[in-house]
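> Here is my input, please return the structure:
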Amino acid sequence: MESVNLSNSFFPNSLIYVHDLMNTDFVTVHPDDSLLTVTQKFTETQIDTIPVVDEKGKLLGVFPRRRLYKAILENKSLDVPCSSYMVTSPYALSSDLTYDQLTFIIKLNQTQVGTVPIVDRDNVVVGTGGKVEYMRATVNMISKAKAHLDSIFQAMNEGIIATDEKGQIISINRAAENLFGLNADDVFGQNIQEVFPEIDSDNARRLNVKRIINSVPVMMNQVPLIEDDTVRGMNYAFVDLSSLEKIAAELESVKKLQVGLQGVLSASSDGLILTDRNGLITFYNKEAVSLLKNPPETLIEQPVENYLGNRTAINVAKTAMSEVEVCTIDGKNCMVSYVPINFEEANFPMGVVVTIYREDNSMSDEMARKWFSLQQQVKYYKTELEKQGHTNAAFSNIITENPAFISLKNEAERVARSTSTVLLTGESGVGKDMFARALHAASKRARRPFVKVNCAAIPETLLESELFGYEPGSFTGALKKGKPGYFEQAHEGTIFLDEIGEMPLSIQVKVLQALQEKQFMRVGGTSTQTVNVRIITATNRDLREAMAHGEFREDLYYRLNVIEFHLPPLRSRPEDILPLAEMFIEKYNSILGTFVTGLTPEARNILTSYSWPGNIRELENAIERAANYVWEGQIGKEHLPAQIYKNNNISQTEPGSPSLSSLDDVEKNIILDALENTKGNKSAAARLLKISRSSLYEKLAKHGIS
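Modelled structure (predicted):
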C-alpha cells in the first residue's frame, strides 16, 4: 500500500459531459425582438443572460441583463430591437465536451456574462450553463464519489481503519469490526492507541508487520495519508493470519493432490487429456503428446478439437453424457472416450477427461470391435424404425423368388387396402408376423398404431385385462388409475392377434363382441368402450379341427376368416433359401458390424438340402450364429449348426435316437415330436409332455422353436 495523496483523490470528472450538467429549461430571443420582449422574459425567468438565435435556433449572440440596464439608462425606447445591445461572438460550450473543472472556470472568467450558452455540433442552442450548474454538478459528483468509495471500503475483505492527524478514528469497515469484535459507533472519535494499544502511534510507513491485536494474530500495513507534503492521517489494513494459514494449508493440499494426479495420469499407457468446459486443454500426459504429429511446446490452453478434429469434448461438457468414437490422429484411427468431470456444487460438468487408446493396447481392438458393433446395431434399428413409416416398405422386404409366393404377395397388397379381417395360417417360423406388419404398412392405417399380442404368451387369468383393459380397483394389484387394453391402444390402427388358436373360449366371446359391435367393456367397468380397429390373426393350428373338438368358437372363426392367406413352409420354396440367407448376411453385417461376404459352395449345398423344420426363423438363427463365428469372409460348413449338416437331420430323426450328440438334442426332438402330434397346439403339447405351459415356452425359447 503506497502513501495516499489527497489531491489525486477519486473524482470522475472525465466521465461527466457538458450535456449532463446544462440547464435545458431556458428561453431565447431573436434579433428583431424588442427590448420590451427581452424585459418580459427576464421578468419571467429571473436569469441574467438570454441567448439570441435565428429562426433555426442557431446562436447569434447573447443578451445579458446588464445590457438591458444600459439601454434603460440611455433612455432608449422599449420598442427598439434588442440586436443593437446584444453581445456578438459570445463564448459557448459544445454539449459533447467532457466536463473539466478548470476549463469551465476559465471560460466563465473570460466571458463578460454570467451564463454560457451550450450548443450542439450545428451551433443550435440546446441549453445554458453557469456557476449554479457548476456548483450543483460538483456537489453531485462529490456525493457519488463518496458513495462509490464507501461501497468499496465496506466490501473489502481486509479490515481497514482510518485516523485523522490527531490519531482519532474517523472510519472503520465491517471487516475490521468483525475481525476485532468492535462496533463502529463505539470507537468513532477515539484515539487509535486507546482502542489498540499494540499499534505504534508514529507516522511511519510499515508493511507486512505481524502483530497480535486484541488477541487476534494479524498481518498489518500502516500507511500515512499525505496532502501537500503534510500527514493528514493514517490508514491501517489488517489480514487475519489464521485465515492466511488456512488458505496456505489448502493450497498445499491442492498441490499434493495435483502432484498425485499428475503421477497417476502419467503412469497410464493411454493418452490422457483434461479440458475445461470450453474444450481448452488444462492437462495432458506424455502418451497424449506422443500420439500427436509435430505437437507444440505445450498443449495448455490449446483447443482439443485442433488435434481430434471434432467438438465432441465441448458437447460432452454441455450434455454431461459420456461418448465414445473413433478419431483419426496423425493418419491413424484411434478409439477415444469422453467422460464429463462432474462437480457436486455445480449443475454442469467442470470439464472433460479425454482418453486416447493406443493401438498397441491389448484391449483396444476388442473395445473398438464391440463399440463398432453397437454403433452398427443402433444404426440398423434406427433405419428399420424409419422404414416403418414408408408405405409398402414391409412387402418389399419380403424376399421370394417362388412364383406361388409372389402371387400371394401381390394378392395381399391388394387386400391390404380393405378393412376386412385377415387370417394368416402356416407352420411356425414361416413369417406370419412380418406378413401381418406388411398388411398394416400397405393399408390406410399405416400411420396409426400396430399392436401385436401373443395370445399364448399371456396367462389365461390376465389375458382379458390385457386385451380390454381394466378400471381402477378391479382386482388386487391393479393400477390406481386403471389401464387401457391392447384394443384401445390399437384404436384406428391394427391389432395383430398371434397364436389365436391358443385363446381360451371365455375370451373368444369378448373378442367376437369387439369384432362385431366394435364395442367392449373394461374389466370392472360399467360403461362400454368404442374402438375402430382392423384385426389380423395368425395361427399354426388347424382351427377347423379345433372347432370339431370344441376348442374354438365356430362363429368367431368365420368372422376372423374373411380373408385367409396360407404361408408355405420354406421347404416348399427351396429357391428362396439362398436369397433369404444372403439377406440375413447383409442384415447381421449391419447389426453386428461383421464383414461376411457370402457362403462357400459347400455351405450353399448344405443349406439347400436341409428341410428346415423351423422354417425362416431357423434359417435366420443359423446365419446369425455363423456370422458371430466367422466375423469376416465366407460362411463355411464349420460355422453352421451341427444338426444342419449331419447326414440324419432333425426332421428325419426319431426322439431318443442314439445318433444324437447330447441330451439337449433329445429334448428338442421330443418337443418337436409332441408339437407335430398335436398339430402345433402348444397347450395340448404341454399336457402330452406332462409339463406346465410356461415350462414349455421356456424350453421352446431355449431351443429356438416357436
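> can we go C-alpha only for contacts and neighbour counts from here?
Fine.
> ok, now which ones touch residue 634?
596, 597, 598, 599, 600 (CA atoms under 8 Å, 6 or more residues apart in numbering).
> Drop anything exposed from the residues you listed.
Buried members of the contacts of residue 634, scored by 16 or more other CA atoms under 10 Å, are 596, 598, 599.
> So which of the contacts of residue 634 belong to strands?
596, 597, 598, 599 (DSSP state E).
> between the residues you listed, which is nearest residue 687?
Comparing the ones in strands among the contacts of residue 634 against residue 687 with CA to CA places residue 599 closest, at 41.7 Å.
> Show the pLDDT at that closest one.
Looking at residue 599, its pLDDT is 93.
> Then residue 68?
pLDDT, residue 68: 88.
> In whichever helix or strand it is part of, which residues are buried?
If you go by DSSP states H and E, residue 68 is part of helix 65-73. Across helix 65-73, burial judged by 16+ other CA under 10 Å covers 65, 67, 68, 71.
> just checking, what packs against that helix?
With contacts taken as 3 or more CA pairs under 8 Å, 6 or more residues apart in numbering; DSSP states H and E, helix 65-73 sits against helix 35-45.
> Can you pull out the low-pLDDT segments for the stretch 301-450 of the chain?
Low-confidence segments of the stretch 301-450 of the chain, defined by pLDDT under 70: 331, 333, 344-346, 358-394.
> can you give me the strands for it?
Taking DSSP state E, counting those that start in this stretch to define them, one finds strands in the stretch 301-450 of the chain at 323-329, 332-341, 351-357, 422-425, 450-454.
> by contact count, what packs against the fourth one?
With contacts defined as 3+ CA pairs under 8 Å, 6+ apart, the secondary structure elements packing on strand 422-425 are helix 432-441, strand 534-539, strand 563-566.
> Now with 10 Å, please.
Judged by 3 or more CA pairs under 10 Å, 6 or more residues apart in numbering; DSSP states H and E, the packing partners of strand 422-425 are helix 403-416, helix 432-441, strand 494-498, strand 534-539, helix 554-560, strand 563-566.
> that older thread, what's the angle from the helix holding residue 68 to helix 35-45?
130 degrees (axes from the mean of the first three to the mean of the last three CA atoms, to 10 degrees).
> Quick check: what element follows helix 65-73 along the chain?
Sequence order places strand 87-88 as the next helix or strand after helix 65-73, per DSSP H and E.
> can you list contacts of stretch 396-413?
Stretch 396-413 is contacted from outside by 392, 395, 415-416, 422, 431, 434-436, 438-443, 563-568, 572-577, 579-580, 583, using CA atoms under 10 Å, 6 or more residues apart in numbering.
> Of those, which count as buried by neighbour count?
Here, 16+ other CA under 10 Å leaves 392, 395, 415-416, 422, 431, 435-436, 438-443, 564-568, 574, 576-577, 580, 583 buried among these.
> Can you check which of the strands of the stretch 301-450 of the chain gets nearest to residue 223?
Of all those, strand 351-357 comes closest under CA to CA, at 43.9 Å.
> who does the closest one pair up with?
Partners of strand 351-357 in the sheet, by DSSP bridges, are strand 271-276 (antiparallel), strand 332-341 (antiparallel).
> Which single one of the ones in strands among the contacts of residue 634 is nearest to residue 96?
Nearest to residue 96 among these is residue 596, at 80.6 Å by CA to CA.
> Can you verify my assumption that that closest one contacts residue 585?
Yes: using CA atoms under 10 Å, residue 596 makes contact with residue 585 at a distance of 6.7 Å.
> okay, and the common contacts of the two?
Counting by CA under 10 Å, 6+ apart, the shared contacts of residue 596 and residue 585 are 626, 627, 635.
> pretty sure residue 164 is in contact with residue 225, am I right?
Yes: with contact defined as CA under 10 Å, residue 164 counts as touching residue 225 (8.7 Å).
> if I look at these two, which residues touch both of them?
Shared contacts of residue 164 and residue 225 (CA under 10 Å, 6+ apart): 231, 232, 233, 234, 235.
> what does the average pLDDT come to for the strand or helix carrying the fourth one?
Taking DSSP H and E as the definition, one finds residue 234 inside strand 230-240. Model confidence over strand 230-240, given as mean pLDDT, is 89.
> quick one: it to chain centroid distance?
53 Å (CA atoms, centre = their mean, to the nearest Å).
> Tell me the first helix or strand C-terminal of it.
helix 241-267.
> any idea of the angle that next one forms with strand 271-276?
Using the same axes, to 10 degrees: helix 241-267 against strand 271-276 is 140 degrees.
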